[in-house]
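*Asks:* just the structure for this:
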Amino acid sequence: MSTLHRCLDKNALLDDHKCKVAKLKEEQRAAAAGQVYFQDITSHADPAACTLPYGMLKPVNLDQLQLEHRHKGCRIQGTVCCEPIRSTAIQLLLMDAVDDSKAVKVRVYNLLPSNAPMAEVRALLPEGTRLAIKEPYYKTYDGDGSSGIRVDNPADVVFLQARSDQELVTDKKKAMTFDEIKAAGNAAFRSSNYTLAQALYERCRLQQPQNVQVLSNLAAVHLCLKKWLEALKHAQVGLEIDPKHIKCLYHCADAAMHLGQYTKAIHHLTLAETLAPSSPQISTCLRTAQELQRQSLGQYDPGKLFLNQQDKAVSQLANFTGPLKVTHLPGKGRGMVVTKDVKAGTLLAVCNPLAIAYTDPLDMGYQFDPLTGRKNDRSQTNLITKLANVSMHNPDVLQQMYALYDGTQQSLENTPEITLFNNQLPGIREIASIVQHNAFGSQGRWYMMTDDC
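*Replies:* Numbering: from 1, shown residues only. So this is what the prediction gives:
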C-alpha cells in the first residue's frame with residue numbers, strides 16, 4: 001500500500017484519532033490538577049483565503065490530492081467521521097464523498113478561539129457534518145510527520161447541507177416533509193446549534209423560496225452567528241415579499257444597527273412599532289437605534305451612559321469621528337491631524353474596539369508565538385480568530401482593519417480604500433501582523449488577560 005493510500009485509510013486514521021482523543025483528555029486532567037503543560041503553535045503556512053466562488057471550484061477526490069501542494073481552483077468535500085478535538089487547531093477526519101473507505105486528516109485554524117469549550121467544538125462540527133474545503137492545502141504536518149489538509153482561513157471551510165444535495169432524509173431513508181425540516185431547524189435553534197439550524201432552514205428555503213417565516217428564521221440564525229450582512233440580506237428579501245412582517249422588520253433593524261446603518265434601523269423599527277405598539281422589545285430597540293444615531297453625530301450623554309446602567313437602550317456606543325483625518329506626514333509616516341481649529345474639550349473621536357479577546361485567569365494553556373518569539377496567553381490567538389470572522393461579515397471592519405499599521409513601509413505611507421477589498425477576504429498572516437502592532441491591554445501588549453484591537 002502506498003504512503004498516500006496509507007494516509008487515506010479511514011480505519012487506520014480513526015484508530016490514530018482515538019489515541020489522540022485519549023491523550024488530549026489526559027492532558028486536560030493534568031491541567032485541571034495544576035500540572036501546567038505548554039502548547040506551541042506553528043507559523044501560518046499559506047493563509048490567503050480562496051477568492052473564487054464555491055460553484056466555480058472543480059471537485060476532486062481524496063485520491064487526487066498531491067502532497068505539499070495547494071490545489072488551486074479545486075475543492076474537496078466529505079463528511080466528518082469522528083469526534084473533533086481542539087488544541088491550537090480543530091482536528092478532525094473527513095470521509096471521502098465518493099469512497100467511504102477513505103478519509104483525510106484536517107486541521108482547521110482560526111475557526112474558533114483556542115479557549116472555546118469542547119462542547120462548542122462538538123456542536124459546530126458534530127460527526128456527520130458535511131463540509132467542503134476550498135483550494136485544499138495537502139501537506140506533511142510538522143511534529144508527527146503525518147499528512148493531512150491544513151486550513152488557515154475559516155472562509156475556506158464551507159458547511160454543506162446536512163444531507164444529500166438532492167433530498168434531506170431520515171435515518172430510515174424516508175424523505176422529510178417541509179414541516180419536519182422546519183421543526184428540526186427550530187429545535188436546533190432553541191438548543192443554540194445555529195450551524196445545524198442554518199443548514200435545515202436553507203433546505204426549507206430550497207423547497208419554499210417565498211416563505212417569509214423561513215427567511216425570518218435564516219435572518220435570526222445569522223444574527224446569532226454575528227453574520228450581519230447575511231442577516232440583513234435575508235430579512236430584506238422577506239420584506240420584499242411581505243413589507244409588514246414584524247420579525248423581518250426587527251431582524252433587518254438589528255442587523256442594520258450592527259452595521260452602523262442607524263437611519264435604516266430607525267425606519268424599520270418605527271414601522272414595526274406601529275404594527276406592534278405593545279412590544280417592549282421593539283420599543284427598546286427603537287430607543288437604542290435613536291440613541292446610537294445621536295451618538296454617531298457626536299451627541300453623547302455621559303449621564304445616560306455611565307450613571308443609568310439599568311437602561312438597556314443606552315448600553316451601547318456608536319463610533320464617531322470629529323474634525324480628524326489620517327494622512328501621511330513627510331518623514332514621520334502615518335499620523336492623525338485635525339482639519340480645523342478646535343477648542344479644549346472638543347470631542348474628537350469615539351471608537352469601539354474591532355474585537356476583544358479574553359483569557360480565563362485559570363487557563364494555563366500558554367502558547368509560543370512565532371511573531372514575537374515569546375510564550376503568551378491565548379488571547380492573542382483568539383483575537384486573530386475574532387478579527388478574521390468579524391471582518392468577513394462586515395466590510396467596514398475590514399476597511400478599518402486593513403488601514404491599521406501592519407509592520408510594513410507600505411502601510412505607513414498609504415491608507416487603503418475599501419474598494420481594494422471588495423473581493424478580498426482577510427489573510428490570517430496580515431491579521432496576525434496587525435494584532436502584533438496594534439493590540440493593547442491593561443497590563444501591556446503581550447502579557448495580558450484581555451486584548452483589544
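
*Asks:* now do the contacts for the closest residue to Ala276 other than its chain neighbours.
*Replies:* Take Ala276 and drop its neighbours on the chain: the residue closest to it by C-beta to C-beta, 6 or more residues apart in numbering is Ile246, 5.4 Å away. C-beta: built from backbone N, CA, C; applies to glycine. Listed by C-beta atoms under 8 Å, 6 or more residues apart in numbering, the contact set of Ile246 reads Ala272, Leu275, Ala276, Ser279, Ile282.

*Asks:* and stretch 126-136, how far from the chain's centre?
*Replies:* Centroid separation for stretch 126-136 versus its chain: 16 Å, with C-alpha atoms, centre = their mean, to the nearest Å.

*Asks:* ignore what I typed, I meant stretch 111-127.
*Replies:* With C-alpha atoms, centre = their mean, you get 13 Å for stretch 111-127.

*Asks:* equivalent analysis for stretch 136-145, please.
*Replies:* 24 Å.

*Asks:* buried set for stretch 285-295?
*Replies:* Neighbour-count burial for stretch 285-295, with 16 or more other C-beta atoms under 10 Å as criterion, is recorded at Cys285, Leu286, Thr288, Ala289, Gln290, Glu291, Leu292, Gln293, Arg294, Gln295.

*Asks:* ugh, wrong one, stretch 213-231
*Replies:* Applying 16+ other C-beta under 10 Å to stretch 213-231 flags 213-223, 225, 227-228, 230-231 as buried.

*Asks:* make a markdown table out of the contacts of Ile246 and add pLDDT, secondary structure and neighbour count.
*Replies:* Compiled in a markdown table, these are given as follows (pLDDT from 0 to 100; DSSP: H, G, I helix; E, B strand; the rest coil; neighbours: other C-beta atoms under 10 Å):
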| residue | pLDDT | secondary structure | neighbour count |
| --- | --- | --- | --- |
| Ala272 | 95 | helix | 25 |
| Leu275 | 95 | helix | 12 |
| Ala276 | 93 | coil | 15 |
| Ser279 | 92 | coil | 15 |
| Ile282 | 94 | helix | 23 |
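
*Asks:* want to throw those into TSV with distance to Leu347?
*Replies:* Formatted as TSV, the contacts of Ile246 follow (distance: C-beta to C-beta, whole Å):
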residue	distance to Leu347
Ala272	32
Leu275	37
Ala276	36
Ser279	34
Ile282	31
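
*Asks:* which of those sits closest to Cys50?
*Replies:* Of all those, Cys50 sits closest to Ala272, with 38.8 Å by C-beta to C-beta.

*Asks:* can I assume the closest one is in contact with His251?
*Replies:* No. The pair Ala272 / His251 is not scored as a contact, 10.1 Å apart, by C-beta atoms under 8 Å.

*Asks:* check the spacing between Gly185 and Val237 real quick.
*Replies:* 17 Å (C-beta to C-beta, to the nearest Å).

*Asks:* name the residue in the two with the higher neighbour count.
*Replies:* Using other C-beta atoms under 10 Å as the criterion, Gly185 and Val237 rank with Gly185 on top: 25 against 19.

*Asks:* just the pLDDT for the closest residue to that one other than its chain neighbours.
*Replies:* Closest residue to Gly185 apart from its sequence neighbours, by C-beta to C-beta, 6+ apart: Leu200 at 3.5 Å. If you check Leu200, the pLDDT there is 85.

*Asks:* tell me the helix or strand right after the helix or strand in which Leu200 is found.
*Replies:* Leu200 belongs to helix 194-207 when assigned by DSSP states H and E. Next along the chain after helix 194-207, taking DSSP H and E as the criterion, comes helix 212-224.

*Asks:* can you list contacts of that following helix?
*Replies:* Residues contacting helix 212-224 (C-beta under 8 Å, 6+ apart): 182, 185-186, 189, 192, 194, 197-198, 201-202, 204-205, 208, 228, 230-232, 234-235, 237-238, 241-242, 245, 247-248, 251-252, 254-255.
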